[in-house]
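Trainee: coords please:
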Amino acid sequence: MLTNAALGTINHLLSGEDWARERLRAFAGQTVHIDLASLKLALEITPQGIFAAGDKNVAATVSVRLPADALRRILTDRNSLLAASQISGAADLAECLGFISRNLSWDAEADLSHVVGDIAARRLVSGGKQVLQWPGQQAKNLALNLTEYFTEESPTIASRQDVAAFCAEVDKLREPLDRLEKRIAALESSSR
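Mentor: Take a look at the predicted model:
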């Protein structure tokens, strides 16, 4: 059941991208094994440039081992998913799959518009993006609040203005100190 769902999702994404299917057609008949925790997929590339269920007992042309948090990464940071994946096998097919993975995107709004209409789809996708951005925004707000607390309310950390004022005072003292050091050096050399 999970295999069919994953296969349907991948092929749905490929169905809207002629360039991706064209690249895959060159590898028709070759197999790709994808390993994600307990989900193991064996896929065969068809002459149409999509995937069909393959035989798990057939040696894979390319094997892809995805990290355990692959589903989260695919929604939030696809580049880190590709970096954390382990790919082995034929270099030309692996490069093709990597290129397609980096450049293939899901038009969720278009798919949702068939079900709920254009306006609702736009609002749902926009809301989904805000939900995905929420943790990062909250972390940023927390960091700003902690910075303000430690610099203003409980000055454990010096504020930027205090550090700048301190540096300015040090710069003011540097020139007279240099003159004093030269006078001391001159007095020491003349007393010898």
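Trainee: ok, and what's touching stretch 48-57?
Mentor: With contact meaning CB atoms under 8 Å, 6 or more residues apart in numbering, stretch 48-57 is reached by 3-4, 7, 10-11, 14-15, 20-25, 28, 31-33, 40, 42-46. (C-beta placed from N, C-alpha, C; glycine too.)
Trainee: could you dump it to CSV, C-alpha only?
Mentor: This file holds the C-alpha atoms of stretch 48-57, laid out as CSV (Å, rounded to 0.1, in the frame of the first residue of the first chain):
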residue,chain,number,x,y,z
GLN,A,48,7.6,6.5,-20.9
GLY,A,49,10.0,8.0,-18.4
ILE,A,50,8.0,7.2,-15.2
PHE,A,51,8.4,4.6,-12.6
ALA,A,52,6.7,1.2,-12.2
ALA,A,53,7.0,-1.2,-9.3
GLY,A,54,10.1,-3.3,-9.7
ASP,A,55,11.4,-6.6,-8.3
LYS,A,56,13.2,-6.2,-5.0
ASN,A,57,15.2,-9.4,-5.8
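Trainee: Pull out the buried positions in it.
Mentor: Residues of stretch 48-57 classed as buried by neighbour count (16 or more other CB atoms under 10 Å): 49-51, 54.
Trainee: Reformat these as a markdown table; add secondary structure.
Mentor: Below are the buried residues of stretch 48-57 laid out as a markdown table (DSSP: H, G, I helix; E, B strand; the rest coil):
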| residue | secondary structure |
| --- | --- |
| 49 | coil |
| 50 | coil |
| 51 | strand |
| 54 | coil |
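Trainee: of all the residues you listed, which comes closest to residue 69?
Mentor: Of all the buried residues of stretch 48-57, residue 69 sits closest to residue 51, with 23.2 Å by CB to CB.
Trainee: re earlier: from the buried residues of stretch 48-57, pick the one nearest residue 152.
Mentor: When those are compared for distance to residue 152 (CB to CB), residue 51 wins out at 57.3 Å.
Trainee: Of the contacts of stretch 48-57, keep whichever come out buried.
Mentor: Among these, the ones that count as buried by 16+ other CB under 10 Å are 3, 7, 10-11, 14, 20-21, 23-24, 31-33, 42-45.
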